[in-house]
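Undergrad: prediction below, plus the sequence it came from.
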Amino acid sequence: MSGCETILLDAQLEAVIDNHAFRAVLGNGHRFTAYFAVRDWDKKILEGGDFVKVEMSPYSMSTGRIII
């Protein structure tokens, strides 16, 4: 079993919290906070309503990392 298990999911951004943090929702209605990784800060500008792929840990479903 590998030490870095992650789940890749589709999500929709609902609102902008900060320049690099967003309120997001999964298709089943689960709401969480989605963040950009530091190395991805200059790659793309996102807004509320955009669809993104999010990488989440199976141990904490309250935050996720936006995958570009």
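TA: Structure's in. What do you need? Residues are numbered from 1 along each chain as shown.
Undergrad: which residues of this structure score low on pLDDT?
TA: Segments of the chain classed as low confidence (criterion: pLDDT under 70) are 1-3, 38-43.
Undergrad: tell me where the chain has helices.
TA: Along the chain, no stretch is classed among the helices by DSSP state H.
Undergrad: run the chain-centre distance for the strand ranked longest in the chain.
TA: The single longest strand within the chain, with elements called by DSSP state E, is strand 7-18. Going by CA atoms, centre = their mean, to the nearest Å, the spacing between the C-alpha centre of strand 7-18 and its chain's C-alpha centre is 4 Å.
Undergrad: strand partners of that strand, parallel vs antiparallel please.
TA: The sheet places strand 7-18 alongside strand 21-26 (antiparallel), strand 51-56 (antiparallel), with pairing taken from DSSP bridges.
Undergrad: surely V16 touches F22?
TA: Yes - at 5.8 Å, V16 and F22 qualify as touching, with contact defined as CB atoms under 8 Å. Any C-beta I mention is one placed from the backbone N, CA and C, and that applies to glycine too.
Undergrad: got any residues that touch both of the two?
TA: G48 (CB atoms under 8 Å, 6 or more residues apart in numbering).
Undergrad: neighbours around I7, how many?
TA: Taking other CB atoms under 10 Å as the neighbour definition, I7 ends up with a count of 11.
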